[in-house]
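Student: structure here, sequence nowhere to be found:
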């Protein structure tokens, strides 16, 4: 059974940076071939933020995170990172890590980490 554990969330001011981490364990490595970050703001549906393939190719959502957020992964540690710069209050959400065998199929989810950006 795959387990994903996120860390790094917190309360910051607009313009600050945060780095989220998600460590995967259990299962087989193919179950972390695709790893992604999603977020859910209060009163809104969960939305895709960014994903990364096993070979490090990033895929960003069409919203405004590209240019501010950077995803990376360390396959030796089964860990994916989300560097978030120039944070805005509208980035406030619970951020979830997900993994799967393909970028279009996420079978495993972390418990989420809260990111709060004050204005």
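Tutor: Received it, and whenever you're ready, just let me know what you need. Worth saying up front: this structure is predicted, and the values here are computed from it rather than measured.
Student: the residue most central in space within the chain is in what secondary structure piece?
Tutor: For the chain, the residue nearest the mean C-alpha position is residue 37 (2.6 Å; CA atoms, centre = their mean). Residue 37 belongs to strand 34-40 when assigned by DSSP states H and E.
Student: hmm, who's touching that strand?
Tutor: Under the criterion CB atoms under 8 Å, 6 or more residues apart in numbering, residues 20, 22, 24, 46-54, 71, 73, 80, 82, 91, 93-103, 105-106, 112, 115 lie in contact with strand 34-40. All C-beta spots, glycine's among them, are computed from the backbone N, C-alpha and C.
Student: and the nearest residue to the residue nearest to the centre of the chain once chain neighbours are set aside, what element?
Tutor: Take residue 37 and drop its neighbours on the chain: the residue closest to it by CB to CB, 6 or more residues apart in numbering is residue 49, 4.5 Å away. Assessed by DSSP H and E, residue 49 sits inside strand 47-52.
Student: farthest from the middle of this protein: give me that residue.
Tutor: The outermost residue of the chain, judged against the average C-alpha position, is residue 119 (22.3 Å), by CA atoms, centre = their mean.
Student: for residue 24, grab the count of nearby residues.
Tutor: Residue 24 has 22 neighbours, counted by other CB atoms under 10 Å.
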